[in-house]
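Trainee: Here's my sequence, what's the structure:
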Amino acid sequence: MSAFLTLFAATEALSAQDRRPGAPGQGSGFTLEQNRPNPFNAETVIPFTLLDDLFVDGTVPRVSIQIFNFIQQQVGTPVALGHVSGDGQRMELLEYTQPGSYQAFWDGTDHLGRQVALGVYYVKMTVNGRTTIKKILKT
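Mentor: Predicted structure coming up:
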């Protein structure tokens, strides 16, 4: 089994109680929440939270969010909503200066601007080298 699927399986195995901030599988100091709406049709919002412990000693966390299809191909990169440098910043090693709740937006298109097919996708969030994954559904 690939590392991607192993991580996904571990994330899926968590009980609802273990999906609280800072819990195993959610990374250290951040949570990736379920997209809204889910399932989605054309576009979706992906909420996430950066907790205080990411910012100790003036550390600036770097956040990446990517969308993968079922066969582990990256198909999209959401953009940030409400980021200090403005909306629409690609979620690629994006720096955040303070803890809080944030959102990313994905328009359901691939890197060439084409709508992706209906089906299961995975949101992969990486913060300072730590990763968590959520399954999402496009209908």
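
Trainee: rest of the way, CA atoms for contacts and neighbours
Mentor: Will do.

Trainee: residue ranges with poor pLDDT in the chain?
Mentor: For the chain, the stretches flagged by pLDDT under 70 are 1-27.

Trainee: So which residues of it form helices?
Mentor: For the chain, the helices defined by DSSP state H cover 3-12.

Trainee: Looking at it, which residue reaches furthest from the middle?
Mentor: What lies farthest from the middle of the chain is Asp57; by Cα atoms, centre = their mean that is 24.8 Å.

Trainee: if I pick the residue nearest to the spatial centre of the chain, what's in contact with it?
Mentor: Nearest to the geometric centre of the chain sits Met125, at 3.7 Å (Cα atoms, centre = their mean). For Met125, the contact set (Cα atoms under 8 Å, 6 or more residues apart in numbering) comprises Leu32, Val63, Ser64, Ile65, Gln66, Thr131, Thr132, Ile133.
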